[in-house]
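K.L.:
got a sequence here, can you build the structure:
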Amino acid sequence: MQETVAQEKACFILNPRSGVRSNVSVPDLIAQHLDTNRWKPELIFTEYAGHATELAQQAAADGARLVVAVGGDGTVNEVARGLKGTSSALGILPKGSGNGLARHLGIPLILPKALALLNHPTFHRIDSCTINGHPFFCTAGIGFDAMVSSAFAQSTKRGLSSYVQLVVREFRNFKAQKTTVRIKDRELSSEFFVVAFANASQYGNNAYIAPMADIQDGLMDVCLIRNVGVAEAFQLSYGLMTKQIATSSLAEFHTCATVHVQCEEPQYFHADGEFMGLAKEFAVQMFPQSLEVVASLQAKA
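P.N.:
Predicted coordinates for the structure are as follows:
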């Protein structure tokens, strides 16, 4: 006899601007593939930047067991930050160009399969972090990757090819600045190309900045890349896509729960690929087991 599960509320928060080139109707997919014996769905569309966080907070306050971010990395970040420390779990229907957190959590990029995962959910608790108070769940960074995030935010084009074109263009314009990184009792100073903070293993699109990162271990992986030339940049790109950056002589890795960074000049920074602004000082902090998610992860012993 099949076990009966009491119906619980599932709130779907949809960004209408994510995946606009797709002809797929997410409301139709939810109607077709969601198990309504298990879930009582509610669909809400975001209307402005930051709205998804407000909607997620309200859904959690209203007792939703599951709050699903339908969109790209920005939407996922907004929903997740609204659920931190609540009893509501984050689900993801990935519709972005990078889908970094979804990929790390083993969530299928094909939407009917992602819905199937929600119909038979496995709940896990994961870590989250902040950079200067801005929550991130996948990666954050200072330097070149953040400069690219700034340019990408201003671009009207999306997709991997557009992103690669921006990377090439911005590489010519980027100048590394003298930066001091304080990790535990160590102080590391250099002209850093990238200072990356990884809660999860990748930026998105299977570009792995910290292949060994564990999103449940209470530690972030800090990747330091000193100033590089054109040849080294190609080597780094190859390392990102093959996970070989983990053993590259161009990258240095540390694990910790807190990091402090001091720059001589204001530096670009991002959280989960979203440009956050410029600053000269940065405080990065880990919050262990602060978010529940539906994911396909190895269960902790």
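
K.L.:
tell me the helices and strands packed up against the strand or helix carrying residue 253.
P.N.:
Element membership of residue 253 [criterion: DSSP states H and E] is strand 251-256. For strand 251-256, the elements it packs on are strand 220-226, judged by 3 or more Cβ pairs under 8 Å, 6 or more residues apart in numbering; DSSP states H and E. From N, CA and C alone the C-beta is placed, and that goes for glycine too.

K.L.:
list the contacts of the helix or strand immediately after the strand it packs on in the chain.
P.N.:
Note on strand 220-226: by DSSP H and E, the next helix or strand toward the C-terminus is helix 230-242. Under the contact criterion Cβ atoms under 8 Å, 6 or more residues apart in numbering, helix 230-242 has outside partners 171, 203, 206-209, 225, 228, 244-246, 248, 250-251.

K.L.:
repeat that for 7 Å
P.N.:
Here helix 230-242 makes contact (Cβ atoms under 7 Å, 6 or more residues apart in numbering) with 171, 206, 207, 208, 209, 225, 228, 244, 245, 248, 250.

K.L.:
in ChimeraX, select just the buried ones from those.
P.N.:
This is how ChimeraX selects the buried members of the contacts of helix 230-242, with burial counted by 16 or more other Cβ atoms under 10 Å:
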select :207,208,209,225,228,245,248
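
K.L.:
residue 81: which of the contacts of helix 230-242 is nearest?
P.N.:
Residue 81 lies nearest to residue 209 out of the contacts of helix 230-242, by Cβ to Cβ, at 21.0 Å.

K.L.:
got a list of what the nearest residue to that closest one once chain neighbours are set aside touches?
P.N.:
Of all residues not flanking residue 209 in the chain, residue 196 sits nearest, at 5.0 Å (Cβ to Cβ, 6 or more residues apart in numbering). Going by Cβ under 7 Å, 6+ apart, residue 196 touches 139, 141, 145, 209, 223.

K.L.:
do that again at 10 Å, thanks
P.N.:
Applying Cβ atoms under 10 Å, 6 or more residues apart in numbering to residue 196 gives the contacts 139-146, 203, 209-210, 220-225, 251, 253, 270.

K.L.:
now do the buried residues in the helix or strand containing it.
P.N.:
Assigned by DSSP H and E, residue 196 falls within strand 186-198. Judged by neighbour count using 16+ other Cβ under 10 Å, the buried positions of strand 186-198 are 188, 190, 192, 193, 194, 195, 196, 197, 198.

K.L.:
identify, from those, the entry nearest to residue 12.
P.N.:
Out of these, the member with the shortest distance to residue 12 (by Cβ to Cβ) is residue 198, at 28.4 Å.

K.L.:
hmm, back to that, which neighbouring elements make contact with the helix or strand following the strand holding residue 196?
P.N.:
Counting by DSSP H and E, the next helix or strand C-terminal to strand 186-198 is strand 202-204. Counting contacts by 3 or more Cβ pairs under 10 Å, 6 or more residues apart in numbering; DSSP states H and E, strand 202-204 is packed against helix 100-104, strand 139-143, helix 144-154, helix 160-173, helix 230-242.
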